[in-house]
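*Asks:* A predicted structure for the sequence below; I have some questions about it.
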Amino acid sequence: MYEVIVVGGGPAGLSAALVLGRQRRRALVVDAGRPRNAPAAEMHMYLGRDGGSPARLLADGRAELAAYPTVEFRQGRVVAAEGGSGDFTITLDDGDRVAASRLLLASGLTDEPADVPGLAERWGASVFHCPFCHGYETNGKVLAVIGNGPDAMLAAYVADRYSDDVVLCTNGPSVMPEPVAAVVKAGGIRVIETPLAGVEGALDALTLRFTDGTTLTREAIYHRAPTRPNTEAAVQLGCALLADGCVEVDEYGRTSVDGVYAAGDAAHLKAVPEPVTLVGPSAADGVRAAVWLEQELFRAGLPVTLG
């Protein structure tokens, strides 16, 4: 039996495992190999690695963990989780079952771009979801923003920060709230309501095709896609979820289920309805949760009960 199984090998999970390894805890990291930022060539705002490869960060993290003999890494997807504090069992997609005293869930989010042909294929390469992550590199380019409703505010933001030529494509009739519509109008942003038929081309040479046969040429596209929290294991364990589907945690990273902690993009405080989902905060979440999980294990092993 492991002392801790970490579900997810992204920045949060690997950072948590590093803490546990340095405290000589027997830990297993299980990772499905589908990081959210895999399509991106670069990551930003992570001090010391700005502009570096997301894949290289994870590879370096796993290499660093190899120095700690009590930490193991396993490729696989968790398909079931059960049990209680001191006796959890997870089942992997190859049928293997593994037990641990504690669990730390760090399986992150999955982006779900709009159903427009060619959009998902260009995700992270020429279609960007976050101006904090990619905005600097699109400075001065002619841009399109695909979004509607409250998300149309993204067009006003990138127009304010990065471009004087932004077109908002609502992919159907506009349903922007009046304050958002007013900001878009005040920014002189052109709005196209015609549904999209597809996206073609590459960065700096993109073509958006509409169902009426018209086209729009742009250098880059922004699209704030909905996200799906990867919380299947948390649901099976009975962890409380928030309105956005993420796992509810307290300030120590504890879930509502004894012995289960959670960290990263798919876990946050109820008092923070819109957390920052970037690499840096995710890694910090993993460290924070692992430190307090370690303290719980230490207290549980004492010969006396502390008040």
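*Replies:* Great, that's in hand. Numbering: from 1, shown residues only.

*Asks:* Got the phi and psi for the closest residue in space to V291 that isn't next to it in sequence?
*Replies:* Leaving aside its sequence neighbours, V291 sits nearest to V19 (Cβ to Cβ, 6 or more residues apart in numbering; 5.9 Å). Where C-beta positions appear, they are placed from N, C-alpha and C, glycine not excepted. Phi and psi for V19, reported as degrees, to the nearest 10, are phi -60, psi -50.

*Asks:* For A205, which residues are in contact?
*Replies:* The contact partners of A205, taken as Cβ atoms under 8 Å, 6 or more residues apart in numbering, are T217, E219.

*Asks:* can you pull the pLDDT of it?
*Replies:* We have a pLDDT of 97 for A205.

*Asks:* How about the contacts made by the residue most central in space within the chain?
*Replies:* Centroid-nearest residue in the chain: L109, 4.1 Å away (criterion: Cα atoms, centre = their mean). Taking Cβ under 8 Å, 6+ apart, we find L109 in contact with R36, T227, R228, P229, N230, D265, A266, T277.

*Asks:* Now do the SS call for the third one.
*Replies:* This points to R228. With DSSP: H, G, I helix; E, B strand; the rest coil as the basis, the three-state label of R228 is strand.

*Asks:* In the stretch 51-200 of the chain, mark out all the helices, start to finish.
*Replies:* Using DSSP state H, counting those that start in this stretch, the helices found in the stretch 51-200 of the chain span residues 54-65, 131-134, 153-161, 178-186.

*Asks:* related to what we said a few turns ago, what bridges to the residue nearest to the centre of the chain?
*Replies:* Judged by DSSP bridges, the bridge partners of L109 are P229.

*Asks:* distance of it from A202?
*Replies:* Per Cβ to Cβ, to the nearest Å, L109 is found 26 Å from A202.

*Asks:* what do you get for F73?
*Replies:* F73 sits 35 Å away from A202, going by Cβ to Cβ.

*Asks:* So for the residue nearest to the centre of the chain, what's the pLDDT?
*Replies:* pLDDT recorded at L109 is 96.

*Asks:* I'd like the numbering to begin with 63 instead of 1 from here.
*Replies:* Okay, using 63 as the starting number, the last item reads as L171.
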